[in-house]
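> The amino acid sequence is not available; the structure is as follows:
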């Protein structure tokens with residue numbers, strides 16, 4: 001339909017749903033850890049600003065968590081409906097790994113989420129803080145299992161093919177496959193960066209609107225410290241991940257760099273910009289820096305990297321796409337480091353809270369973490385093509401036998417429903433963020449006056465309307 005095959009439409013549909021879903025777990029991972037830090041600081045120093053920030057971001061966390069669960073369910077069903085041959089072939093590995101995620105992370109999160117959301121005035125401070133820690137730990141465990149499954153598809157090991165199906169023979173090798181540690185660290189840091197930029201943008205928004213309050217200042221300050229710490233660390237992890245990818249998926253590196261020919265005796269240049277042409281097998285209008293490609297990719301002045309022409313045409317990833325998605329990710333990463341350094345330079349005298357140019361840039365950079373995360377995910381997944389399990393099963397052999405019309409219809413329905421459902425949720429989330437944290441001068445409010453004292457549903461953790469009073473609690 002419209003020139004797309006069933007395989008193309010199945011990939012587009014899965015890419016669409018995953019792109020929506022991945023945003024919510026990333027923010028959930030970052031906010032859960034942020035909430036744990038805020039509550040720890042509140043218990044240690046008893047400054048009301050940490051309590052107020054905890055209560056404010058807890059509302060955002062609850063809504064984001066709910067949307068993440070809903071969007072994740074759709075993905076799980078797609079494995080059976082659109083990728084049934086993959087599920088039949090590799091389900092012996094991917095099925096248990098996803099089940100482990102449910103049995104450990106999801107149950108841990110679900111078990112303590114209620115205490116975290118509604119237990120502020122009903123349990124002791126130690127138990128409530130423990131619940132927050134368990135939810136934060138659950139998000140990290142969830143990421144661990146999901147990335148173990150995805151990493152195994154990128155660098156499979158610890159299996160045998162018996163009777164036309166993959167059978168795990170060494171679970172330690174399956175889980176701790178060669179790319180797993182790098183992907184886990186890279187994704188976790190990406191989640192922390194995306195959350196820090198989101199929180200920082202919120203603080204910048206309120207300061208630009210004239211709301212110069214301790215909670216708003218603390219929000220921006222903590223975010224900038226986090227970016228200053230994590231952004232350079234992410235660059236180091238990304239470099240190590242690149243070396244690992246060069247070893248196990250050299251075609252992906254060649255596509256990312258737009259390299260077509262490995263000339264003996266010549267170093268690899270770094271192509272800053274260009275237009276990779278898959279049909280002509282060249283990168284047009286390339287702007288190069290000699291030797292820098294070898295230095296970055298191999299840590300050697302004259303290191304060599306296989307070009308795309310070293311691989312059969314059917315085994316080449318789409319360089320036209322991953323060349324640019326990689327540069328979007330890397331370019332935004334450099335901007336994040338620059339933003340954090342500017343924030344550090346403006347800290348003396350509190351100029352970081354008054355410099356409107358800096359605040360505007362921090363606001364504009366708010367979505368950059370999520371954009372970089374999506375660009376990195378596209379680079380990773382499209383760079384693996386044409387394999388669904390690298391070197392073992394091709395993507396064209398994994399797709400279910402549906403007609404293009406059926407896939408196009410369901411894709412259209414997904415787009416409409418996602419825009420309606422998640423568009424509403426995201427719109428409400430933005431309104432909550434725009435309202436900002438409420439300040440509670442009385443550290444011991446009367447619990448009888450607190451609305452939603454015994455909420456009956458998870459979304460009761462935040463008010464029915466963004467402009468309604470936010471429930472407050474005592475210092476316990």
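In hand now; what should we look at? Note that the structure is predicted; figures quoted are calculated from it, not measured.

> which residues in the stretch 51-200 of the chain form strands?
Shown for the stretch 51-200 of the chain, the strands assigned by DSSP state E, counting those that start in this stretch span residues 159-162, 165-168.

> Can you say which of these is nearest to residue 305?
Of all the strands of the stretch 51-200 of the chain, it is strand 159-162 that lies closest to residue 305, at 28.6 Å by C-beta to C-beta. Yep, even glycine has a C-beta here, placed from its N, CA and C like the rest.

> Check the offset of that closest one from the chain's centre.
Relative to the mean C-alpha coordinate of its chain, strand 159-162 is positioned 32 Å out (C-alpha atoms, centre = their mean, to the nearest Å).

> Tell me the strands beside it, with direction?
Strand pairing for strand 159-162, using DSSP bridges, gives strand 165-168 (antiparallel).

> same question for the strand it pairs with, mean pLDDT?
Average pLDDT, strand 165-168: 94.

> What residues sit buried inside it?
Using 16 or more other C-beta atoms under 10 Å as the test for burial, strand 165-168 gives 166, 168.

> For it, which outside residues touch it?
Outside strand 165-168, the residues within contact range by C-beta atoms under 8 Å, 6 or more residues apart in numbering are 88-93, 96, 158-161, 174, 389, 392.

> Now intersect the residues you listed with the helices, please.
88, 89, 90, 91, 92, 93, 96, 174 (DSSP state H).

> any idea how far the fourth one is from residue 76?
This points to residue 91. Residue 91 sits 12 Å away from residue 76 when distances are taken as C-beta to C-beta, to the nearest Å.

> if you count what's nearby, which of those two comes out ahead?
residue 91 (16 against 10; other C-beta atoms under 10 Å).

> ok, that one - contacts?
Contacts of residue 91 (C-beta under 8 Å, 6+ apart): residue 165.

> With distance to residue 312 added, can I get the strands of the stretch 51-200 of the chain in TSV?
Listed next are those as TSV, based on distance: least, C-beta to C-beta, whole Å:
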stretch	distance to residue 312
strand 159-162	22
strand 165-168	23
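
> And those strands: which comes nearest residue 11?
Closest to residue 11 of those is strand 165-168 (C-beta to C-beta; 21.1 Å).

> hmm, back to that, which one of the ones in helices among the contacts of strand 165-168 is nearest residue 55?
residue 96 (38.9 Å).

> Quickly note the distance from the closest residue in space to the closest one that isn't next to it in sequence to residue 97.
Nearest residue to residue 96, sequence neighbours excluded (C-beta to C-beta, 6 or more residues apart in numbering): residue 168, at 7.6 Å. Per C-beta to C-beta, residue 168 is found 9 Å from residue 97.

> Residue 113: which of the strands of the stretch 51-200 of the chain is closest?
The nearest among the strands of the stretch 51-200 of the chain, by C-beta to C-beta, is strand 165-168 at 31.4 Å.

> chain center to the closest one: distance?
29 Å.

> Ok, stretch 165-173 next?
Worked out by C-alpha atoms, centre = their mean, stretch 165-173 lies 27 Å from the chain centre.

> on that earlier part again, closest to residue 262 among the contacts of strand 165-168?
For the contacts of strand 165-168, the nearest to residue 262 is residue 392 (25.4 Å; C-beta to C-beta).

> That closest one: neighbour count?
Using other C-beta under 10 Å: residue 392 sits among 14 other residues.

> dump the residue contacts of residue 198.
Residue 198 touches 27, 30, 366, 367, 369, 370, counting by C-beta under 8 Å, 6+ apart.

> In the stretch 151-300 of the chain, mark out all the helices, start to finish.
Here the stretch 151-300 of the chain has its helices, by DSSP state H, counting those that start in this stretch, at 171-175, 180-208, 214-248, 250-257, 292-298.

> ranking those by burial, who's on top?
Ranked by average neighbour count under the criterion mean count of other C-beta atoms under 10 Å, the helices of the stretch 151-300 of the chain are headed by helix 250-257 at a mean of 26.
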